[in-house]
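Enquirer: pasting the structure only:
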């Protein structure tokens, strides 16, 4: 623990700027994964324990697409759309069979999916740590803001993730599809009775969730190492986000993701060994004070 | 049957096992007997939560690992006899289960499953980062001293096999008592209808917590046996895959039959050895089997067999 270090960082603008930019980036990437998890839970009532595995798959898809084409855009699209497709297959053939059953079934099916996909990834890409090269276009000198260093790629990341967050919020709040999804979350029977095909809605929601996870995986490939089994830690973090923000709430997920992002970036200065513990501490506090999460309505 | 009947049966089983283990002292048989004791106990303790209480824990290996590390560290510190260290390690697991359980058992099913998983991963990363105490990702190295007690030398594979069989059977008898007691009946009511249990004045929180602590304690004992078996403790003990394997075993056996998890553990170990022999793509094969089992049968093998048998009986009557 190094509180003096933390205090001196908080005292200097340059250090604050650097850490805030890092925290925002980590938080927004986390938000992409967590918002999918919370959306799927809110509408389908399914906890997708394999969500982190989709993230990992996105990183691998991006890696291969980048290697083949050399285009960053192609890599991101391959990660997002490829995983959305994989998610749709998963939903149609496996998960749709266990809607409405108990948690044990959900857990076992997801566990089986994780086992299989981790191995498939190992067969196709090997078990070593891989990393995607940063595209030429983003290899620019970092920005200097009030003395703080902000890597250029962080700006790109933040721009993309913020745009997606806005799109998601607008889509859920103000489009016909968004209203249908929200209605299906509350009363699927009624939505079905009104002539809307809920099967399609469910598949679409799962597809969107998978797409967000894949996108996050693809975007993180140049800054994090890609390795089989990498999905678990992001799964745990996304779950902490949903607990803090409240299951099913997009805004709660956004706030909690940013909170965790800052906890990570500033915590790594003040409590380098206890950063992870700090996140759990926040979660435990929220659970004790408001078990349904900051923005959650239903009783947990 | 009273507990005496159970104890008698267990004694009989022990005599048979002892006969087999001493008669066929082939290393592979002994090895399997030890692992069966360890994972049978882990699966049995987890089924007290899943099958009896209806709490789906995805973090049961936390207590398995806690028992292993506590025991290993105590024995390495010197001055502890094995029985005392075992009791202390179980007490440590129980205490840990009390703390984690107090935070988790209040929550709904889904939160419970995820939160137990999350706390287990916290412990896992704690073990990885606290290198000076736990040895980090190398695990607890240097071996675990096993001073003989009461003429039992756990460094000897035969003795260890008998000892783990004894621990397993004693725990099974104890768990059977728990399940059959009024307390066990209350746990089943919590599983089937928690609201009704609350209306009748049962404290849902306390009963669930008690079940969680009991299950954690026995998982701790399984962890102790594991650390005796490998003469060390490793971070994989409390990684989520170990919890997943325990649930897999229960699913292979069955959650409604009391001894189902034992059958599941045996099937899992045999399956595991067989798969390891034929392919390195372990997860692919195990995962596919699990998928077929879950989506096809929708229950454990023994559950399926028992239901099919009952149905046949019903048709004949």
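Expert: Sure, I can see it. In this text, all values refer to a predicted model and were calculated from it rather than measured experimentally.

Enquirer: residues in contact with residue B:189?
Expert: Contacts for residue B:189 (Cβ atoms under 8 Å, 6 or more residues apart in numbering or on different chains) come out as B:196-197, B:200, B:202. For every residue, glycine as well, the C-beta is placed using N, CA and C.

Enquirer: where along the chain do the helices fall?
Expert: Since no chain was named, I'll use chain A. A:3-11, A:13-44, A:51-69, A:72-93, A:103-125, A:152-174, A:176-186, A:188-193, A:198-220, A:231-245, A:250-270, A:275-289 (DSSP state H).

Enquirer: the intended chain is chain B.
Expert: Applying DSSP H to chain B gives helices spanning B:3-23, B:27-47, B:61-77, B:82-104, B:109-129, B:131-134, B:157-180, B:182-192, B:194-199, B:204-230, B:240-253, B:260-278, B:282-292, B:301-316.

Enquirer: residues in the stretch 101-250 of chain A within reach of chain B, list them.
Expert: For the stretch 101-250 of chain A, the contact set with chain B under Cβ under 8 Å from any Cβ of the partner chain comprises A:101-105, A:107-109, A:111-116, A:118-120, A:122-123, A:232-233, A:236, A:239-240, A:243, A:247.

Enquirer: returning to that earlier point: make JSON lines out of the helices of chain A and add mean pLDDT.
Expert: Written out in JSON lines, the entries for the helices of chain A read as follows (pLDDT from 0 to 100):
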{"stretch": "helix A:3-11", "mean pLDDT": "73"}
{"stretch": "helix A:13-44", "mean pLDDT": "86"}
{"stretch": "helix A:51-69", "mean pLDDT": "90"}
{"stretch": "helix A:72-93", "mean pLDDT": "91"}
{"stretch": "helix A:103-125", "mean pLDDT": "87"}
{"stretch": "helix A:152-174", "mean pLDDT": "86"}
{"stretch": "helix A:176-186", "mean pLDDT": "87"}
{"stretch": "helix A:188-193", "mean pLDDT": "86"}
{"stretch": "helix A:198-220", "mean pLDDT": "91"}
{"stretch": "helix A:231-245", "mean pLDDT": "86"}
{"stretch": "helix A:250-270", "mean pLDDT": "85"}
{"stretch": "helix A:275-289", "mean pLDDT": "79"}
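
Enquirer: out of the ones you listed, flag the one nearest residue B:184.
Expert: Proximity to residue B:184 (Cβ to Cβ) singles out helix A:103-125 among the helices of chain A, at 19.7 Å.

Enquirer: now do residue B:240 against chain A, distance only.
Expert: Plainly put, residue B:240 is 6 Å away from chain A if you go by Cβ to the nearest Cβ, to the nearest Å.

Enquirer: isn't that residue up against residue B:119?
Expert: No - using Cβ atoms under 8 Å, residue B:240 is not in contact with residue B:119; the gap is 10.9 Å.

Enquirer: any idea which of the helices of chain B is most buried?
Expert: Mean neighbour count, computed with mean count of other Cβ atoms under 10 Å in any protein chain shown, is highest for helix B:61-77 among these, reaching a mean of 27.

Enquirer: helix B:240-253 and that helix, what's the angle between them?
Expert: Orientation check (axes from the mean of the first three to the mean of the last three Cα atoms, to 10 degrees): helix B:61-77 against helix B:240-253 gives 120 degrees.

Enquirer: before we move on, the earlier item: what's the overlap in contacts for residue B:240 and residue B:119?
Expert: With Cβ under 8 Å, 6+ apart as the test, residue B:240 and residue B:119 both reach residue B:59.

Enquirer: how close does residue B:287 sit to residue A:130?
Expert: In this view, residue B:287 and residue A:130 are 23 Å apart by Cβ to Cβ, to the nearest Å.

Enquirer: meant to ask about residue A:292, not that
Expert: Taking Cβ to Cβ, one finds residue A:292 at 40 Å from residue A:130.

Enquirer: what residues does the stretch 101-250 of chain B have near chain A?
Expert: So far as Cβ under 8 Å from any Cβ goes, the stretch 101-250 of chain B lies against chain A at B:103, B:106-111, B:113-115, B:117-119, B:121-122, B:125-126, B:129, B:240, B:244, B:247-248.

Enquirer: 10 Å instead?
Expert: Residues of the stretch 101-250 of chain B found near chain A (Cβ under 10 Å from any Cβ of the partner chain) are B:102-104, B:106-115, B:117-122, B:124-126, B:128-131, B:239-241, B:243-245, B:247-248, B:250.

Enquirer: name the residue closest to the centre of the chain, please.
Expert: Because you didn't say which chain, this covers chain A. For chain A, the residue sitting closest to the mean C-alpha position, by Cα atoms, centre = their mean, is residue A:33 at 1.3 Å.

Enquirer: oops, I was thinking of chain B
Expert: Relative to the mean C-alpha position of chain B, the nearest C-alpha, by Cα atoms, centre = their mean, is the one of residue B:42, at 0.8 Å.
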